[in-house]
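1. Mind folding the following:
(chains A and B)
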Amino acid sequence: MSEKVLMKGNEAIAEAAIRSGCRFYLGYPITPQTEVAAYMAKRMPKIGGTFLQAESELSAINMVYGVASAGKRCMTSSSSPGISLKCEGLSYLAACDLPSVIVNVQRGGPGLGGIQPSQSDYFQATKGSGHGDFRMIVLAPSSVQEMADLTSLAFDLADKHRMPAMILADGTIGQMMEPVELAEDMHATQYEKPWACTGTKLERGHNIINSLILKPEILERLNIERYEKYKIVESEEVRYEEYMMDDAEICIVAFGIASRVAKSAIMEARKQGVKVGLIRPITLWPFPAEPIRAAADKVKAFISVELSMGQLIYDVRLASECKKPVHLCSRVGGMITSPDYVLKKILEVNEMGGAV
Amino acid sequence: MLLFDSKRITLLAGHYGSGKTNIAVNWAKYLRETIDRVCVADLDIVNPYFRTKDSAEDFRQWGIRLISSEYANSNVDFPALPQELYSIVDDKSFHAVIDVGGDDRGAFALGRYVPRILEENDYELLLVINRYRPLTPDCESVVGIKNEIEAACRMKFTAIVNNSNLGRETTAQTVLDSLPFAVEVSKATGLPVKMTTVEDRLYSELKDKIDGLFPLTLQSKLI
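-> Next up is the predicted model:
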């Protein structure tokens, strides 16, 4: 056990990455994630790592492509507008099956938007982070401790399944300070990377990292094979938390900062005799569809609590197969739901029963 | 009569997230108990997320003048200093508390006011430390940051504020455990420990055990 320290969420990501064996950080500053870069700038030179501030987000993500091709653990981070710029690179990383960790500390959008927290990049992260058919593993931390733990997990999962993994955080968790405990060495598993471009030493054929496949029959086969891999990820890597679901009649689905607010509201609702629980997706992809499907047979309604105009709600409807009504409780633009705001929605839905 | 000495200008500097803003707010409120004209100046142009301006409404109620960038918390995320800031050196009828930004980057903005502050020579520059921050766990790292800040703002620290804490998990023992660290930093830098700051919930438990204990009412909201 190591000693507890007081960290910002952004710092926790950076320190956990280093302890997970990441020695290459390629980034470009943007509020509210700049502390990731600032921390890396201070730490990397002291441990023989590389901190590089690229000339743009596009450049940074393509440097990630380069480092990942050489089989080394690497990370980039940004916030919403910067992630949009990285999307081309994400598609290329996925196309070349390159393990890499991308951090999005979300802010309000669209466009340049604001600098306050948001969760409105949910679609982008889980459905469309670039052109073509591909997926990323998406992890959603809800505390500073999880910022650290899930960053470490992201490196392992990326290596294990040879694909990009994203930490989808938000400005609140990035900026807030909480005590955390970090293991000295978080590099849990070492993965062999026989595909990496490390030089043949005249002992093997060339490893080639390439996403230009002009023969349609080959490109189709590669897509199908990649989706076979995604099926394995979907069956092995789903992670979620259930909170007070045993006797729940209303099920809230929320992740990240919204789930923390939801928990406070649930405590208050239960004091008033309303049986409400929470399913918190920790992996947004693969999405925990099964527990939501199971809950649909027990509860009378769902509430999707999110900091977006209604994005997560679509996955809740799909997973619950529309067996029960799914209500939306959201704030956007950098505004955060308060426990009272969520409580009001819970009481309203409780009044409605199973009605739509 | 206040328990702690004060100068006309109190400057708070230190590592990112060491607690400067909270201490600035509480120190200004403390001065206001006996001094009519108190102002707080927000010089933090590094981090637009946590600012003294978040407490603007409180300051109005307490009768404390707040000087901060008119761009702070606005639609323009702009590292600008307000012209009004010159009043901290021009208008000596006020006691000024200056919340400097984190590390040497934040302290850089102080530079232009320094010649006047030194000339008047009625100031204290306080080094805020928290041994539970990951990049300042030992004396050596604190001294490193201290030297960087002094080089950036061209002023020397005059005392230390030990604000060692673990957020809401802070216990009396957490604070007691940090005392030898503060003493070590004090010896290494030759600076006295002006005060040890604790959240007000721990004040009564610790006030007989620690000399120079100063209670803080937290400003930033917890979720």
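2. CA only for contacts and neighbour counts going forward, please
-> Noted.
3. OK, contacts around A:Tyr122?
-> Going by Cα atoms under 8 Å, 6 or more residues apart in numbering or on different chains, A:Tyr122 touches A:Gln311, A:Leu312.
4. try it again with 10 Å
-> Taking Cα atoms under 10 Å, 6 or more residues apart in numbering or on different chains, we find A:Tyr122 in contact with A:Gln106, A:Gly128, A:Ser129, A:Val138, A:Leu168, A:Leu284, A:Glu306, A:Leu307, A:Ser308, A:Gly310, A:Gln311, A:Leu312.
5. any idea how far the last one lies from A:Leu318?
-> From A:Leu312 across to A:Leu318, the span is 10 Å (Cα to Cα, to the nearest Å).
6. which residues in chain A form strands?
-> Using DSSP state E, the strands of chain A run over A:4-8, A:24-27, A:50-53, A:74-78, A:100-106, A:137-139, A:164-170, A:177-181, A:240-243, A:250-253, A:276-281, A:283-285, A:301-306, A:326-330.
7. for these, which one sits closest to chain B?
-> Counting by Cα to the nearest Cα, chain B lies closest to strand A:4-8 out of those; the figure is 4.7 Å.
8. List the strands paired with the closest one, with their directions.
-> The strands beside strand A:4-8 in its sheet (DSSP bridges) come out as strand A:177-181 (antiparallel).
9. one step back: any chance of the strands of chain A in a markdown table, plus mean neighbour count and distance to B:Ala24?
-> As requested, the strands of chain A are exported to a markdown table (neighbours: other Cα atoms under 10 Å in any protein chain shown; distance: least, Cα to Cα, whole Å):
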| stretch | mean neighbour count | distance to B:Ala24 |
| --- | --- | --- |
| strand A:4-8 | 24 | 20 |
| strand A:24-27 | 27 | 33 |
| strand A:50-53 | 18 | 33 |
| strand A:74-78 | 28 | 31 |
| strand A:100-106 | 29 | 28 |
| strand A:137-139 | 28 | 37 |
| strand A:164-170 | 30 | 27 |
| strand A:177-181 | 22 | 18 |
| strand A:240-243 | 16 | 39 |
| strand A:250-253 | 28 | 40 |
| strand A:276-281 | 26 | 38 |
| strand A:283-285 | 25 | 40 |
| strand A:301-306 | 27 | 35 |
| strand A:326-330 | 21 | 35 |
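10. Reformat the ones you listed as TSV; add mean pLDDT.
-> Compiled in TSV, the strands of chain A are given as follows (pLDDT from 0 to 100):
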stretch	mean pLDDT
strand A:4-8	95
strand A:24-27	98
strand A:50-53	97
strand A:74-78	98
strand A:100-106	98
strand A:137-139	98
strand A:164-170	98
strand A:177-181	95
strand A:240-243	98
strand A:250-253	98
strand A:276-281	98
strand A:283-285	98
strand A:301-306	98
strand A:326-330	98
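11. residues touching A:Leu212, list them.
-> A:Tyr92, A:Ala95, A:Cys96, A:Leu219.
12. What of A:Glu351?
-> The contact partners of A:Glu351, by Cα under 10 Å, 6+ apart, come to A:Lys345.
13. Roughly how far does it sit from B:Val142?
-> With Cα to Cα as the criterion, A:Glu351 and B:Val142 are 57 Å apart.
14. try A:Gly21
-> For A:Gly21 relative to B:Val142 (Cα to Cα), the value is 26 Å.
15. in what helix or strand does B:Gln61 lie?
-> helix B:56-62 (DSSP states H and E).
16. Show me which residues of that helix are buried.
-> Within helix B:56-62, the residues scored as buried using 16 or more other Cα atoms under 10 Å in any protein chain shown are B:Ala56, B:Phe59.
17. Name the strands paired with the helix or strand just after it and say parallel or antiparallel.
-> For helix B:56-62, the following helix or strand on the C-terminal side (DSSP H and E) is strand B:65-67. The strands beside strand B:65-67 in its sheet (DSSP bridges) come out as strand B:38-43 (parallel).
18. would you list the contacts of A:Leu212 in TSV and tack on distance to B:Lys29?
-> Shown next, in TSV, are those (distance: Cα to Cα, whole Å):
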residue	distance to B:Lys29
A:Tyr92	55
A:Ala95	58
A:Cys96	59
A:Leu219	68
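19. residues of the helix ranked longest in chain B that come out buried?
-> Using DSSP state H, we find that the single longest helix of chain B is helix B:172-189. Residues B:Ala172, B:Val175, B:Ser178, B:Leu179, B:Phe181, B:Ala182, B:Val183, B:Val185, B:Ser186, B:Thr189 are the ones in helix B:172-189 that count as buried (16+ other Cα under 10 Å).
20. With stretch A:45-61 instead?
-> Across stretch A:45-61, burial judged by 16+ other Cα under 10 Å covers A:Gly49, A:Thr50, A:Phe51, A:Leu52, A:Gln53, A:Ala54, A:Glu57, A:Leu58, A:Ser59, A:Ala60, A:Ile61.
21. doesn't A:Val36 make contact with the fifth one?
-> No. Here A:Gln53 does not reach A:Val36: they are 11.5 Å apart, not a contact under Cα atoms under 10 Å.
22. list residues touching both of those two?
-> A:Tyr25, A:Gly27, A:Tyr28, A:Pro29.
23. Which pair of those spans the longest distance?
-> The most widely separated members of those, counting by Cα to Cα, are A:Tyr25 and A:Pro29 (12.1 Å).
24. Overlap in contacts, those two.
-> A:Val36, A:Ala37, A:Gln53, A:Ala54, A:Ser77.
25. In contact with the last one, which residues are there?
-> Residues in contact with A:Ser77, defined by Cα under 10 Å, 6+ apart, are A:10, A:13-14, A:25-30, A:33-34, A:36-37, A:57, A:60-61, A:83, A:86, A:101-105, A:166-167.
26. These also near chain B: which ones?
-> Among those, the ones lying near chain B by Cα under 10 Å from any Cα of the partner chain are A:Thr34.
27. what's the spacing between B:Asp36 and B:Asp90?
-> With distances taken as Cα to Cα, B:Asp36 is found 17 Å from B:Asp90.
28. Get me the contact residues on the stretch 51-200 of chain A for chain B.
-> A:Gly113, A:Gly114, A:Ile115, A:Gln116, A:Gly171, A:Thr172, A:Gln175, A:Met176, A:Met177, A:Glu178, A:Pro179, A:Val180.
29. switch the cut-off to 7 Å
-> Within the stretch 51-200 of chain A, the positions near chain B by Cα under 7 Å from any Cα of the partner chain are A:Glu178, A:Pro179.
30. Could you list the low-pLDDT ranges of the stretch 51-200 of chain A?
-> Confidence mapping of the stretch 51-200 of chain A against pLDDT under 70 gives zero matching residues.
31. Would you map the helices across it?
-> Using DSSP state H, counting those that start in this stretch, the helices assigned to the stretch 51-200 of chain A run over residues A:57-69, A:80-95, A:122-126, A:144-161, A:171-175.
32. now these as TSV including distance to A:Ala355?
-> Listed next are these as TSV, based on distance: least, Cα to Cα, whole Å:
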stretch	distance to A:Ala355
helix A:57-69	47
helix A:80-95	36
helix A:122-126	28
helix A:144-161	36
helix A:171-175	34
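33. any idea which of these is most buried?
-> Mean neighbour count (mean count of other Cα atoms under 10 Å in any protein chain shown) peaks for helix A:171-175 among the helices of the stretch 51-200 of chain A, with a mean of 27.
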